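Visitor: here is a sequence with its predicted model. Questions after.
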Amino acid sequence: MASTGTTTTAPTHGNLIGGVWQVPQGAELIANHNPADTRQILSYTPATSAEETARAIEVAHAAFPAWRNTPAPTRGKILLKAAILMEQRKEELARALTLEEGKAYAESLVEMDRAINLTYFFAAEGTRLNGEAIPSALPNVMGYTERMPLGVVGVITPWNFPVAIPAWKIAPALIAGNTVVIKPSPLTPDTMKLIAEIYEEAGLPPGVLNVVFGDRPVGETLSTHPLIKAVTFTGSTPVGKAVYRQAATIGARCLVEMGGKNPQVILADADLELAAKLTVAGAFGSTGQRCTATSRVIVERSVADRFLARMIELTKAIKVGNGADPTVTMGPLVDENRKREVLRFIEIGKNEGSTLALGGNALEDGDHAHGHFIEPTIFTNVTRESTLFQEEVFGPVLSMTIVDTYEEALAAANDSKFGLSASIFTKDLHKAHHFVRHCESGMAHVNGPTIFSEVHLPFGGVKDSGQGGREMGKAALEFFTDWKAVYFENLM
């Protein structure tokens, strides 16, 4: 999987529109580089135009009537076969994921498990797209409800989970009877191509799932085309808000999952060894490039020194390098822009007076010479007013803030424009329940990391972390379906 020089024979992937893979005529090509060794070009994809994106939407619109009329259990069988094929090709997809996104291979396998389990879960929902029989207040009237698909769904996904996030958007959209046009990130196209090929092999009819590679013109078209009935987006908060506004102009339903600045509170009675291990895992897993990453750790003063010392010890054991190396535990940043932005935040932290306790440097020598590597970094004495406390870094940077009481810790945890995930480590059940009730987040954890979630529970945030609904679990179907109320009257 490693590269020793520039690749000149990288494949070119076309768009999938109406069951045909094709590069649009005259389209510029975007190179997909290995972030651990940028000399290696993995593939090329087209910078697709708005016009070609519109054609994909029209094809999906034409495919919608037949797909919505396909019985839901039959749709479920196709998803079931797709899940089985994903499981059979798990290692192949994990290798492709590591090559183009950079995460450690073990992390790619975990992501594959999530995508597989999500697809199995929604395949089974094909037999559970239930309405409800509701007693009428009048004689001779029968009332019930049924779920209705929306139509064409525009899906815009990021680079940091290029298998799992498409899976948790595509699967519920399809099982509900919608057709899909998806724009994956231009930084991670190879995994999306493999996923689409699996759905084709599973028997998904042409036009039901369409893949359009590219950048801004594709995303803007998916958010503004009049045939789009819903848009689901995962990415940065500024872009997510723009997508939400654009979708409103066409009356499309819109779900945006955006940034996070997730707090982990460590009280004095916590199991400090467990808390330190899970804080380090939450902060530096996936190189900190996840919306649920632990980016703020808020610690009671009486245990702060011991907790910091153990975190530093654990963080020093992290091996940074090419994720294809099985001994590596943290891979590179995804590209030079991300690396530059993380280094900028590190300099801001130094300039604003936070204490650099560990790391803070780019790794650019030896095996790191051709990749986007940064040391895992810990700052202490981070105040609530500081940039590191308030802004999403989206990289391997952890900020530690010291407090004197639980009440101060809760206030600090909530002192953010974001509200995705929050965690507390304590043995005090009263404080644990109080935190769960009063933390301003879409997900709450007790004695667990901010990154944890399961496929059958809702996923999403509040404030600037999310708008428009929840993903995963049965809650996802609320976004991808409409309710129809049915009345049979004068029955006797």
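Guide: Sure thing, it's come through.

Visitor: give me the element the most centrally placed residue in the chain is part of.
Guide: The residue lying closest to the centre of the chain (Cα atoms, centre = their mean) is residue 165, at 4.8 Å. Assigned by DSSP states H and E, residue 165 belongs to helix 164-175.

Visitor: hang on, the earlier thing: contact partners for the residue lying closest to the residue nearest to the centre of the chain once chain neighbours are set aside?
Guide: Leaving aside its sequence neighbours, residue 165 sits nearest to residue 157 (Cβ to Cβ, 6 or more residues apart in numbering; 4.9 Å). Quick note: C-beta positions are derived from backbone N, CA and C, even for glycine. Contacts for residue 157 (Cβ atoms under 8 Å, 6 or more residues apart in numbering) come out as 165, 166, 169, 182, 183, 184, 185, 192, 234, 235.

Visitor: closest one of those residues to residue 476?
Guide: residue 169 (8.3 Å; Cβ to Cβ).

Visitor: can you give me the helices in the stretch 1-150 of the chain?
Guide: 50-68, 72-88, 90-101, 105-124 (DSSP state H, counting those that start in this stretch).

Visitor: and the second one, which residues are buried?
Guide: Read it as helix 72-88. Neighbour-count burial for helix 72-88 flags 72, 75-76, 78-87 (criterion: 16 or more other Cβ atoms under 10 Å).

Visitor: name the surrounding residues that touch it.
Guide: 67, 93, 112, 115-116, 119-120, 122-127, 129, 171, 174-175, 177, 195, 198-199, 201-204.

Visitor: one step back: tell me the angle of the helix holding residue 165 relative to helix 72-88?
Guide: Calculated by axes from the mean of the first three to the mean of the last three Cα atoms, to 10 degrees, helix 164-175 forms an angle of 160 degrees with helix 72-88.

Visitor: I'd like the next helix or strand past helix 164-175.
Guide: Using DSSP H and E, the first helix or strand after helix 164-175 is strand 179-183.

Visitor: re the thing from before, which pair in the contacts of residue 157 spans the largest distance?
Guide: 192 and 235 (14.9 Å).

Visitor: skipping adjacent residues, who's closest to residue 184 in space?
Guide: residue 192 (3.9 Å).

Visitor: that older thread, show me what the helix holding residue 165 is packed against.
Guide: helix 72-88, helix 105-124, strand 152-156, strand 179-183, helix 189-201, strand 228-234, helix 475-480 (3 or more Cβ pairs under 8 Å, 6 or more residues apart in numbering; DSSP states H and E).

Visitor: possible to save the ones you listed as a markdown table with distance to residue 9 and mean pLDDT?
Guide: Listed next are these as a markdown table, based on distance: least, Cβ to Cβ, whole Å; pLDDT from 0 to 100:
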| stretch | distance to residue 9 | mean pLDDT |
| --- | --- | --- |
| helix 72-88 | 27 | 99 |
| helix 105-124 | 24 | 98 |
| strand 152-156 | 30 | 99 |
| strand 179-183 | 26 | 99 |
| helix 189-201 | 15 | 98 |
| strand 228-234 | 32 | 99 |
| helix 475-480 | 40 | 97 |
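
Visitor: residues contacting residue 336?
Guide: Listed by Cβ under 8 Å, 6+ apart, the contact partners of residue 336 are 38, 372.

Visitor: now swap in residue 117 and tell me
Guide: So residue 117 contacts residue 455 (Cβ under 8 Å, 6+ apart).

Visitor: distance of it from residue 95?
Guide: Using Cβ to Cβ, to the nearest Å, one obtains 20 Å as the distance from residue 117 to residue 95.

Visitor: now residue 457: how far from residue 472?
Guide: Taken as Cβ to Cβ, the span from residue 457 to residue 472 is 7 Å.

Visitor: any stretches of this protein with poor pLDDT?
Guide: Along the chain, the parts satisfying pLDDT under 70 run over 1-8.

Visitor: what's the domain layout of it?
Guide: 15-258+465-485, 262-454 (automatic domain parsing).

Visitor: follow-up on the earlier one: how about the helices of the stretch 1-150 of the chain in TSV, adding distance to residue 138?
Guide: What follows is these, written out as TSV (distance: least, Cβ to Cβ, whole Å):
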stretch	distance to residue 138
helix 50-68	31
helix 72-88	31
helix 90-101	55
helix 105-124	36
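
Visitor: returning to what we had before: so which of the helices and strands packed on helix 164-175 comes closest to residue 492?
Guide: helix 72-88 (31.7 Å).

Visitor: number of residues surrounding the closest residue to residue 361 other than its chain neighbours?
Guide: Nearest residue to residue 361, sequence neighbours excluded (Cβ to Cβ, 6+ apart): residue 375, at 5.2 Å. Neighbourhood size, residue 375 [other Cβ atoms under 10 Å]: 21.

Visitor: residue 375 touches residue 359, doesn't it?
Guide: Yes: applying Cβ atoms under 8 Å, one finds residue 375 in contact with residue 359, separated by 3.6 Å.

Visitor: what do those two both touch?
Guide: Contact criterion Cβ under 8 Å, 6+ apart; residues shared by residue 375 and residue 359: residue 396.

Visitor: about what we covered before: put the buried members of the contacts of helix 72-88 into a PyMOL selection.
Guide: Of these, the buried ones go into a single PyMOL selection, burial set by 16+ other Cβ under 10 Å:
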select buried, resi 67+93+112+115+116+119+120+122+123+125+126+129+171+174+175+177+195+198+199+202+204
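
Visitor: any chance of the domains of the chain in JSON lines, plus distance to residue 492?
Guide: Converted to JSON lines, the domains of the chain look like this (distance: least, Cβ to Cβ, whole Å):
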{"stretch": "domain 15-258+465-485", "distance to residue 492": "5"}
{"stretch": "domain 262-454", "distance to residue 492": "48"}
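
Visitor: of all those domains, which lies closest to residue 491?
Guide: From those, taking Cβ to Cβ, the stretch that ends up closest is domain 15-258+465-485, at 4.8 Å.

Visitor: start to end distance for that closest one?
Guide: End-to-end distance for domain 15-258+465-485, by Cα to Cα, to the nearest Å: 39 Å.

Visitor: also stretch 351-363?
Guide: In stretch 351-363, first residue to last residue: 21 Å (Cα to Cα).

Visitor: from now on call the first residue 24
Guide: Shifting the count to begin at 24 puts that one at stretch 374-386.

Visitor: buried set for that stretch?
Guide: Going by 16+ other Cβ under 10 Å, stretch 374-386 has these buried residues: 377, 380, 381, 382, 383, 385, 386.

Visitor: closest one of the residues you listed to residue 245?
Guide: Nearest to residue 245 among these, with distances taken as Cβ to Cβ, is residue 385, at 35.3 Å.

Visitor: which non-adjacent residue is nearest the closest one?
Guide: According to Cβ to Cβ, 6+ apart, the nearest residue to residue 385 is residue 397 (5.5 Å).
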